[in-house]
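Asks: Only the shape, not the letters, is given here:
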């Protein structure tokens, strides 16, 4: 495999993406909502309108299924502080696993299906770029922007939380903590790679962009399941669980890439009667 | 060794056979035309030869490389103009060319720039190099797609309808380019076209395809002769007299004579035009006929093509 050819595919696609607002908009808007709007709403609304603040009963209900370690962390906090802490530090964490998937889904769905729709695929497939170089180039052009956006979103999220939390938590900085660092810099890239790899494979098989995107939405389900698992107390993203999931997704990524390079065959893309 | 050689090339899509056991041999520097109606299998043949789709059966070698064993080397040796221009509309003309030039192996930036400048200038596109392709007319896109096909100086060119959508001046530019690539640079060109004028002017040989099969392969002249026999001799005179008509009719090899009083001409069908023409001209002059012009009338390639295709229809 020639890394220059992979980089060439990346550069070409990225140039196109930069000039397409339909692709850029979700890359910018969704992370902004997750990293700025959501923490601001969670931390500011109860202070502005006290009637929306949580009661000790509601807190007790929320903590019912939470692990002891979390209960110890919030010991001594007011119910409002505890609510904000649980939401901001624990329950919203899996959103940063979804961020790269959502940010990349438009690009990865478009990778081959978009080229088919715009009738640019034939000239691309006629070049002496190998199947694996093409596949990897298309994966990277989805992965690199998505993961950089995720890191930037995390930095913004942490800053917003710490600034807004200064008065609520009496000067204590909530983020980053070990779990978040492992999740954002370890688990999120691996989950994103698996999702992008599968979406690019789907994009090569289907006829159009919309079809690819509709099918790729299914890939969000496992991450949403993790999120609901955390809310319901079935799964708790502590450092150990997160590290274990990193191991699992590293294996999944290897399988996806092995399958992707084996399964992706350019000859099949045009081998359908018009 | 042939530049392009295919044996038993077949492509099936489920139960439909798009190309059926096609054999093909194209020499180095030859311009070879692939003619046929829509759905004849021309584009599928070209796609198989360019390693864009795999044949169901059969094989081919391109520039000595086997399409099954060395697809990357085949792609490296070939420049292709696809059915659609296949250009990235959000990129500029130069960015498009730069991507494809590098993809085809011109890794040196300065070399790439110089080559792109050379080909874009040749087709009068250099001044528009920084404009997005989306702003180009259909003809300009077609010209840009052709420059993309030749940017890496491929030994073999596969061109699918190269003059489609071009105005007469641009079409001539493209024909001149193909002629120059074939004659001066010894590039082999496989030309898929509906424009029989292109085939007639450029191709040394043409293959007529229908329903995935080869109907015939010949030179345009050979094809015309095969279909319509010997050319007709048209002799225009200053005045046409019964004596001249009678003289023409009594000559050796003359099969039929048609008289056109309006323009004082004779249409003479003969067994062999090359040997009969001087004798007939001499006889008419001896009969006091004043000849203004002598022409050999051949059927056009289009007439020959239509005759063949109609013959194939059930």
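Replies: In hand now; what should we look at? Treat the numbers as computed from the prediction; the structure is a model and nothing was measured.

Asks: low-scoring pLDDT stretches of the chain, where are they?
Replies: Defaulting to chain A. Residues of chain A meeting the criterion pLDDT under 70: A:47-55, A:272-274.

Asks: try chain B instead
Replies: Low-confidence segments of chain B (pLDDT under 70): B:228-229, B:312-314.

Asks: I'd like the next helix or strand past the helix ranked longest in it.
Replies: As assigned by DSSP state H, the longest helix anywhere in chain B is helix B:168-183. Where DSSP states H and E defines the elements, the next helix or strand beyond helix B:168-183 is strand B:188-193.

Asks: how close does the closest residue to residue B:167 other than its chain neighbours get to residue B:121?
Replies: For residue B:167, ignoring the flanking residues on the chain, the nearest one in space by CB to CB, 6 or more residues apart in numbering or on different chains is residue B:139 at 6.0 Å. All C-beta atoms are positioned from the backbone trio N, CA, C, and that covers glycine. To residue B:121, residue B:139 is 17 Å away according to CB to CB, to the nearest Å.

Asks: More neighbours: these two, which one.
Replies: Under the criterion of other CB atoms under 10 Å in any protein chain shown, the comparison of residue B:139 against residue B:121 puts residue B:139 first, with 17 against 13.

Asks: Quick check: which element contains the closest residue to chain B within the stretch 1-150 of chain A?
Replies: When you check the stretch 1-150 of chain A against chain B by CB to the nearest CB, the closest residue turns out to be residue A:123, at 3.4 Å. Using DSSP H and E, residue A:123 sits in helix A:121-125.

Asks: which strands and helices sit next to that helix?
Replies: With contacts defined as 3 or more CB pairs under 8 Å, 6 or more residues apart in numbering or on different chains; DSSP states H and E, helix A:121-125 has these neighbours: helix A:95-117, helix A:266-269.

Asks: most packed of the ones you listed?
Replies: Stretch with highest mean neighbour count among the helices and strands packed on helix A:121-125: helix A:95-117 (a mean of 25; mean count of other CB atoms under 10 Å in any protein chain shown).

Asks: What is the distance between it and the centre of its chain?
Replies: Averaged C-alpha coordinates place helix A:95-117 at 11 Å from its chain's average position (CA atoms, centre = their mean, to the nearest Å).

Asks: quick one: is that helix near chain B?
Replies: No: using CB under 8 Å from any CB of the partner chain, helix A:95-117 stays clear of chain B, with a minimum separation of 9.0 Å.

Asks: which SS state does the closest residue to residue A:73 other than its chain neighbours fall under?
Replies: Using CB to CB, 6+ apart and skipping residues adjacent in sequence, the residue nearest residue A:73 is residue A:85, 7.4 Å away. Secondary structure, DSSP: H, G, I helix; E, B strand; the rest coil: residue A:85 is helix.

Asks: that older thread, do I have it right that the residue nearest to residue B:167 meets residue B:165?
Replies: Yes: contact status for residue B:139 versus residue B:165: in contact at 5.7 Å, counting by CB atoms under 8 Å.

Asks: For chain A, which helix extends over the most residues?
Replies: Assignment by DSSP H gives helix A:131-168 as the longest helix of chain A.

Asks: tell me which residues in that helix are buried?
Replies: Neighbour-count burial for helix A:131-168 flags A:131-143, A:145-147, A:149-151, A:153-154, A:156-158, A:160-162, A:164-165, A:168 (criterion: 16 or more other CB atoms under 10 Å in any protein chain shown).

Asks: and what of stretch A:249-266?
Replies: A:249, A:252-253, A:256-257, A:260-261, A:264, A:266.

Asks: Which single residue in the stretch 151-300 of chain B comes nearest to chain A?
Replies: As assessed by CB to the nearest CB, chain A sits closest to residue B:158 within the stretch 151-300 of chain B, at 8.7 Å.

Asks: shouldn't that residue be in contact with residue B:79?
Replies: Yes: here residue B:158 lies in contact with residue B:79, judged by CB under 8 Å, at a distance of 7.3 Å.

Asks: joint contacts of these two?
Replies: Jointly contacting residue B:158 and residue B:79 under the rule CB atoms under 8 Å, 6 or more residues apart in numbering or on different chains are residue B:149.

Asks: Now that residue B:206 has come up, it's in contact with residue B:35, right?
Replies: Yes: the criterion here is CB under 8 Å, and residue B:206 meets it with residue B:35 at 5.5 Å.

Asks: Mind listing the shared neighbours of the two?
Replies: Listed as contacting both residue B:206 and residue B:35 by CB under 8 Å, 6+ apart are residue B:199.

Asks: Next up, the contacts around residue 247.
Replies: Went with chain A since none was named. Taking CB under 8 Å, 6+ apart, we find residue A:247 in contact with no residue.

Asks: right idea, wrong chain: chain B
Replies: Contacts of residue B:247 (CB under 8 Å, 6+ apart): B:283-284, B:286-287, B:289.

Asks: where's it, which helix or strand?
Replies: Per DSSP H and E: helix B:242-249 holds residue B:247.

Asks: if we can go back for a sec, can I get the helices and strands packed on helix A:121-125 in CSV with distance to residue B:110?
Replies: Shown next, in CSV, are those (distance: least, CB to CB, whole Å):
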stretch, distance to residue B:110
helix A:95-117, 29
helix A:266-269, 31
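
Asks: what's the spacing between the residue lying closest to residue A:30 once chain neighbours are set aside and residue A:39?
Replies: Nearest residue to residue A:30 in three dimensions, chain neighbours excluded: residue A:102, at 5.2 Å (CB to CB, 6+ apart). Applying CB to CB, the value for residue A:102 to residue A:39 is 17 Å.

Asks: Ok, residue B:45 next?
Replies: Distance of residue B:45 to residue A:39, given as CB to CB: 61 Å.

Asks: Repeat that for residue A:137.
Replies: Distance from residue A:137 to residue A:39, counting by CB to CB: 35 Å.

Asks: can you give me the helices in the stretch 151-300 of chain B?
Replies: B:168-183, B:196-202, B:220-228, B:242-249, B:273-286 (DSSP state H, counting those that start in this stretch).
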